[in-house]
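Participant: Okay, predicted coordinates and the sequence, questions at the end:
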Amino acid sequence: MAELNESVSYAVIIAAAGQSKRFNNSGTLEYSSWLDGAASKKPYAKLFGKPIWLYSTEKFAKRVEVKQIILVVAPEDVSWFRDYFAKEIDKLLLIVISGGVERADSVQKALNIVRNNIDYVVVHDAARPCVTDEQITEVFDKAKLYGAAILATPIVGTVKSIENNIIKSTVPRNGLWEAQTPQVFRKQILLDAYAARKADDVLTTDDAELVEKAGFEVSIVPADKSNLKITTQSDLKFAETIIAKEI
């Protein structure tokens, strides 16, 4: 366990390069729910007139210990994004880059341009707009103590293993947690994890898994379901309810 050091710096990688296939297959939003000229992808859907990606990004940008924010978007969206959000990019000092084929490819590209003087790297889903300032503080502090930390929630429902739409077994839920973001890592730990990344790791669903595979321990900060990842269009209503309490 490391000593708690208040003078550390953070780079934040906002992952917004996904194609939102499950989101688009879950219904059809009205045009007014999208930004002008935007592709129909989760980060560009509006909540109270504001794009989903901007909510969490603004929370990170106001923290003095955050020295760099890299937003990763799909290659086909980069030009539009830079033009449409020119004011926000300038105000929040964002670096906007194109993503890769898989999520890990996108994070790798962002990691390659993290400044040398950064101590910790934060990876956050653009589709999690409801993360709170308190949750960010807690996971930052936990990472400073242990080197790697993520938000997570315990699984409370009954979990079934399914094959061809038939239940094969009931999975014991004791000790099972659902990972969330932000996920925070000492920079060298994340660099080492990506350096050890193998070809069969391309479908890794989060950065904590890569870090685990590289032999590092990852601590958790208990969170709750309000830090939801918007996956389907019905999730937007839940997010609206949560955000309405902050407005």
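Facilitator: Ah, there it is. Residues are numbered from 1 along each chain as shown.
Participant: contacts and neighbour counts: CA atoms only from here.
Facilitator: Will do.
Participant: Can I get the helix or strand hosting residue 11 in PDB? Just the C-alpha atoms.
Facilitator: Under the criterion of DSSP states H and E, residue 11 resides in strand 10-16. Extracted as PDB, the C-alpha positions of strand 10-16 are listed here (Å, rounded to 0.1, in the frame of the first residue of the first chain):
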ATOM      1  CA  TYR A  10      -4.200  12.800 -13.300                       C
ATOM      2  CA  ALA A  11      -4.900  12.300 -17.000                       C
ATOM      3  CA  VAL A  12      -8.400  11.400 -17.900                       C
ATOM      4  CA  ILE A  13      -9.300   9.300 -20.900                       C
ATOM      5  CA  ILE A  14     -13.000   9.600 -21.900                       C
ATOM      6  CA  ALA A  15     -14.000   6.600 -24.100                       C
ATOM      7  CA  ALA A  16     -16.600   7.700 -26.700                       C
END
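Participant: helices and strands around that strand, which ones?
Facilitator: helix 52-61, strand 66-73, helix 103-111, strand 120-125 (3 or more C-alpha pairs under 8 Å, 6 or more residues apart in numbering; DSSP states H and E).
Participant: List the buried residues in the third one.
Facilitator: Within helix 103-111, the residues scored as buried using 16 or more other C-alpha atoms under 10 Å are 103, 104, 106, 107, 108, 109, 110, 111.
Participant: next one: the shortest one
Facilitator: Of the residues in strand 120-125, 120, 121, 122, 123, 124, 125 count as buried by neighbour count, 16+ other C-alpha under 10 Å.
Participant: how far out from the middle of the chain is it?
Facilitator: Remark: strand 120-125 is offset 7 Å from the chain centroid, using C-alpha atoms, centre = their mean, to the nearest Å.
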